[in-house]
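Undergrad: Here's my sequence, what's the structure:
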Amino acid sequence: MDEEQRARRWFLAVWAIVTVVKVAIAARLPLFVDEAFYWQEGRHLAAAYSDLPGLTAWLTRLGTELGGHHVLAVRAPFLLIAALVPWWVARTAAPWFGPAIGWQAATLTVLMPLSATLGLLALPDVPMALATVLCADAGARLLRQVDAMSATELALGLMLGALSHYRFVGVIGVGLLALLWLPEGRKVLRDARVWVALAAGVIAWAPLLAWNLEYADAGLRFQLLDRHPWRFHGDGFRFLLVQAAMATPLLFCAMLVVCLRGVRGGAGAGTAWRYFALLGAVSTLGFFVLGFFADNERVSFHWPLPGYLALLVVVPLLLQEWTPAWRRATWSITALGTLSMMAYYLAVSLPGVRVESAGSKYYPENFAGWDRLAAEVRATRARMPEGTVLLADNFKTGAALGFALDDADIPVLDHPLNRKHGRAPQLQLWGLQHDGSREAPTLLVVGATDVKFSALLAHYQYLCGVVGPLPAPQGVNIDHGARRFLLFALPAVRKQGECITPVVANIDVPSAGERVGRRFAVGGWAVKDVVGVAKVEVLLDGRAVAETTQAGANDWLRTFLKGASRDPRMPVVQFRADVDAGDMPAGRHWLGLRVTGGDGSVETWAEQPLDIR
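TA: You can find the predicted model right below:
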């Protein structure tokens with residue numbers, strides 16, 4: 001009894017602290033671009049969507065209807081669901097292994113980084129996690145005794161999962177394999193009540209299946225074919241390292257031991273142990289194998305979470321066999337992992353920290369800059385004629401800017417990102433995929449950093465073909481240009497003539513983050529279609545410190561730039577300058593460019609950090 005009370009008190013304390021911290025961070029963390037699109041889907045309610053079933057969008061709509069237009073309101077339903085998951089883990093473990101083990105399993109669920117951060121973002125993984133635990137609990141109870149309550153819980157879990165994500169099909173498959181593996185499980189599957197529950201779960205897929213039937217399987221093709229290369233690549237080997245980091249190393253090892261002992265049916269591994277171990281083992285092994293053939297461009301480290309939730313039910317039982325030192329190390333490292341993840345999200349929510357990370361590979365660009373962009377868009381539209389239409393170049397900008405402006409109907413142009421993320425069919429259904437034609441003044445918002453740098457000129461040239469000649473852009477450099485947008489004030493009537501693209505430039509010397517002396521050389525290149533570049537000034541912390549001179553040809557650019565440059569100087573586009581920073585204090589500074597085109601337009605290029613000795 002003392003052990004149970006102690007375990008319960010620890011859980012309540014840890015759960016309350018983590019929940020409060022998550023709410024505080026979620027209230028100030030800018031929306032991730034996927035969250036913004038789910039908010040946009042919530043403003044266009046439907047039974048299913050091109051990228052997901054309907055539940056995620058419905059939850060964002062519920063949150064904003066009850067809490068108003070705020071990031072915390074968008075995330076509130078997900079925070080509540082995430083807060084419920086550990087309690088259900090405790091409920092799942094207690095009947096089999098005792099209340100103390102149940103509370104310890106719940107505490108591990110709160111502390112493991114992958115599950116600890118659930119709900120911070122409004123993502124489909126949150127309801128899918130709850131659906132997974134419901135199904136795992138129902139399956140375990142059915143192994144003990146088939147009754148109406150357990151069958152109802154199974155039906156509820158299956159329905160919730162079907163409304164959450166396509167990936168839940170994998171959870172269903174793993175559960176069926178686990179039941180078929182065990183003699184007790186095969187007995188369960190012979191009961192009519194279980195099949196009624198399974199039928200209810202199948203019916204819940206009807207909206208998604210109907211959507212795919214109506215729209216030529218666009219969602220299924222994206223999830224199963226378009227986003228995956230389905231050819232072998234070596235990134236799968238990183239799976240174990242990434243998972244060991246995201247679950248924390250000792251806890252990950254404990255889960256592997258639970259898997260091995262459960263599959264082998266070793267000493268102490270009863271029916272319940274084997275059942276939960278099979279759920280976790282088949283899921284984890286399946287994602288490990290899938291990692292060698294599936295999508296390796298987008299985040300997928302969270303995919304094995306459903307299997308881990310099943311394994312956490314048994315892990316505290318295993319930890320009892322470890323020495324006190326190893327147990328303390330496991331709990332401590334797991335807690336440190338969650339502290340690190342919370343610290344990361346807290347850092348991302350702080351503008352000052354985002355600025356400091358600009359210019360590095362850790363810059364969180366999908367969280368950054370939307371409020372600043374919205375302010376610039378409002379100011380620019382106020383200077384344009386009444387009735388000016390807002391147009392974005394891709395779904396990310398359209399959705400995130402839409403949330404910042406509380407406008408869920410910003411049209412967007414055709415863009416590779418729309419197709420890459422499976423959002424193009426949905427935009428077409430909403431009538432928001434724009435062909436570039438116009439009958440009113442239009443403010444075009446272009447995410448320059450949403451395109452691979454080598455393809456940036458080609459993207460500008462594509463825009464010329466879609467909307468016609470581009471006026472001089474208004475640049476919006478956020479966090480020293482780590483996030484960069486261009487605003488084009490397009491007239492109501494499309495002009496004729498050659499299209500002058502924005503500048504594309506690069507600083508080759510010094511490299512980003514390099515340490516330099518008080519006097520140092522700057523070298524690079526700059527191109528601008530049709531009119532070329534008239535002048536390039538070197539900026540240090542936003543102040544002009546030198547004007548460059550011509551430094552010869554750069555034939556390499558002809559192959560690097562995906563679009564053939566029509567700069568009249570091509571390939572003689574290199575520049576150099578000598579900078580005297582004698583009056584600058586030692587430390588970190590920001591090096592940038594101000595480029596004047598042959599047409600008189602002036603653009604401030606993105607900055608990069610350097611360290612002056």
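
Undergrad: Make sure residue 569 is actually in contact with residue 536.
TA: No: the pair residue 569 / residue 536 is not scored as a contact, 11.9 Å apart, by CB atoms under 8 Å. Every C-beta, even on glycine, is put in place using the N, C-alpha and C of the backbone.

Undergrad: Between these two, which is the more surrounded one?
TA: residue 536 (25 against 16; other CB atoms under 10 Å).

Undergrad: For the protein, give the helix that spans the most residues.
TA: helix 71-97 (DSSP state H).

Undergrad: just checking, what packs against it?
TA: Helices and strands touching helix 71-97, by 3 or more CB pairs under 8 Å, 6 or more residues apart in numbering; DSSP states H and E, are helix 2-26, helix 33-42, helix 55-67, helix 99-111, helix 125-144, helix 305-312, helix 315-319.

Undergrad: one more time with 6 Å, if that's ok
TA: Using 3 or more CB pairs under 6 Å, 6 or more residues apart in numbering; DSSP states H and E, the elements in contact with helix 71-97 are helix 2-26, helix 55-67, helix 99-111, helix 125-144.

Undergrad: closest to residue 612 out of the ones you listed?
TA: helix 2-26 (34.8 Å; CB to CB).

Undergrad: Buried residues of the closest one, list them for me.
TA: Neighbour-count burial for helix 2-26 flags 4, 7-8, 10-11, 14-15, 18-19, 21-23, 25-26 (criterion: 16 or more other CB atoms under 10 Å).

Undergrad: now do stretch 45-65
TA: 46, 48-61, 63-64.

Undergrad: and residue 544, how many residues sit next to it?
TA: Neighbours of residue 544 (other CB under 10 Å): 12.

Undergrad: Report the separation between it and residue 538.
TA: As for residue 544, its distance to residue 538 is 7 Å (criterion: CB to CB, to the nearest Å).

Undergrad: Then residue 271?
TA: Counting by CB to CB - residue 271 and residue 538 are separated by 72 Å.

Undergrad: Which one of those two is surrounded by more residues?
TA: residue 538 (22 against 16).

Undergrad: Residue 464 versus residue 446, what's the distance?
TA: Per CB to CB, residue 446 is found 12 Å from residue 464.

Undergrad: These two - which one has more neighbours?
TA: The residue with more neighbours, out of residue 446 and residue 464, is residue 446; 26 against 18, by other CB under 10 Å.

Undergrad: State the distance from residue 116 to residue 308.
TA: For residue 116, the distance to residue 308 equals 12 Å [CB to CB].

Undergrad: And the protein, split by domain according to the record?
TA: For the chain, automatic domain parsing gives the domain ranges 124-214, 227-330, 365-490, 504-612.

Undergrad: and residue 511, what pLDDT?
TA: pLDDT, residue 511: 92.

Undergrad: Same question for residue 244.
TA: 86.

Undergrad: For the stretch 351-500 of the chain, which residues score under the pLDDT cut-off?
TA: Nowhere does the stretch 351-500 of the chain drop to pLDDT under 70.

Undergrad: Now with 90, please.
TA: 351-369, 420-421, 495-497 (pLDDT under 90).

Undergrad: now the helices for it?
TA: 351-357, 370-383, 395-405, 416-420, 424-430, 456-467 (DSSP state H, counting those that start in this stretch).

Undergrad: longest strand anywhere in this protein?
TA: strand 587-597 (DSSP state E).

Undergrad: Grab the CA positions of that one and hand them over as PDB.
TA: The C-alpha trace of strand 587-597 is given here as PDB (Å, rounded to 0.1, in the frame of the first residue of the first chain):
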ATOM      1  CA  GLY A 587      32.000  39.400 -30.800                       C
ATOM      2  CA  ARG A 588      29.100  38.300 -33.000                       C
ATOM      3  CA  HIS A 589      27.900  40.600 -35.800                       C
ATOM      4  CA  TRP A 590      25.700  40.200 -38.900                       C
ATOM      5  CA  LEU A 591      27.000  40.500 -42.400                       C
ATOM      6  CA  GLY A 592      24.600  41.300 -45.200                       C
ATOM      7  CA  LEU A 593      24.200  42.900 -48.700                       C
ATOM      8  CA  ARG A 594      22.200  45.700 -50.100                       C
ATOM      9  CA  VAL A 595      21.800  45.200 -53.900                       C
ATOM     10  CA  THR A 596      20.800  47.900 -56.300                       C
ATOM     11  CA  GLY A 597      19.400  46.600 -59.600                       C
END
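
Undergrad: Just the buried positions in that strand, please.
TA: Under 16+ other CB under 10 Å, the buried positions of strand 587-597 are 589-597.

Undergrad: Repeat that for stretch 26-35.
TA: Quick answer for stretch 26-35 (16+ other CB under 10 Å): 26, 29-35.

Undergrad: Between all of those, which two are separated the most?
TA: 26 and 33 (16.2 Å).

Undergrad: so where does residue 537 fall, helix or strand?
TA: Of the helices and strands defined by DSSP states H and E, residue 537 is found in strand 533-540.

Undergrad: Let me have the helices and strands packed on helix 71-97 in a markdown table, adding distance to residue 86 and mean pLDDT as columns.
TA: Below are the helices and strands packed on helix 71-97 laid out as a markdown table (distance: least, CB to CB, whole Å; pLDDT from 0 to 100):
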| stretch | distance to residue 86 | mean pLDDT |
| --- | --- | --- |
| helix 2-26 | 6 | 96 |
| helix 55-67 | 19 | 97 |
| helix 99-111 | 4 | 97 |
| helix 125-144 | 9 | 95 |
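
Undergrad: so which of these comes closest to residue 343?
TA: Using CB to CB, the helices and strands packed on helix 71-97 put helix 2-26 closest to residue 343, at 9.8 Å.

Undergrad: Now do that closest one and helix 99-111, the angle between them.
TA: Interaxial angle of helix 2-26 relative to helix 99-111 (axes from the mean of the first three to the mean of the last three CA atoms, to 10 degrees): 20 degrees.

Undergrad: related to what we said a few turns ago, which of the helices of the stretch 351-500 of the chain has the highest mean neighbour count?
TA: Of all the helices of the stretch 351-500 of the chain, helix 395-405 carries the top mean neighbour count, a mean of 26, counting by mean count of other CB atoms under 10 Å.

Undergrad: Run the angle between that helix and helix 71-97 for me.
TA: Here helix 395-405 points in a direction 110 degrees away from that of helix 71-97 (the same axes, to 10 degrees).

Undergrad: just the CA coordinates of helix 395-405, formatted as PDB?
TA: Provided in PDB are the C-alpha atoms of helix 395-405 (Å, rounded to 0.1, in the frame of the first residue of the first chain):
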ATOM      1  CA  PHE A 395       0.000  26.500 -48.700                       C
ATOM      2  CA  LYS A 396       2.400  27.200 -45.800                       C
ATOM      3  CA  THR A 397       2.300  30.900 -46.300                       C
ATOM      4  CA  GLY A 398      -1.400  30.900 -47.100                       C
ATOM      5  CA  ALA A 399      -2.400  28.900 -43.900                       C
ATOM      6  CA  ALA A 400       0.000  30.500 -41.400                       C
ATOM      7  CA  LEU A 401      -0.600  34.000 -42.700                       C
ATOM      8  CA  GLY A 402      -4.300  33.200 -42.800                       C
ATOM      9  CA  PHE A 403      -4.200  32.400 -39.100                       C
ATOM     10  CA  ALA A 404      -2.300  35.500 -38.300                       C
ATOM     11  CA  LEU A 405      -4.900  37.600 -40.200                       C
END
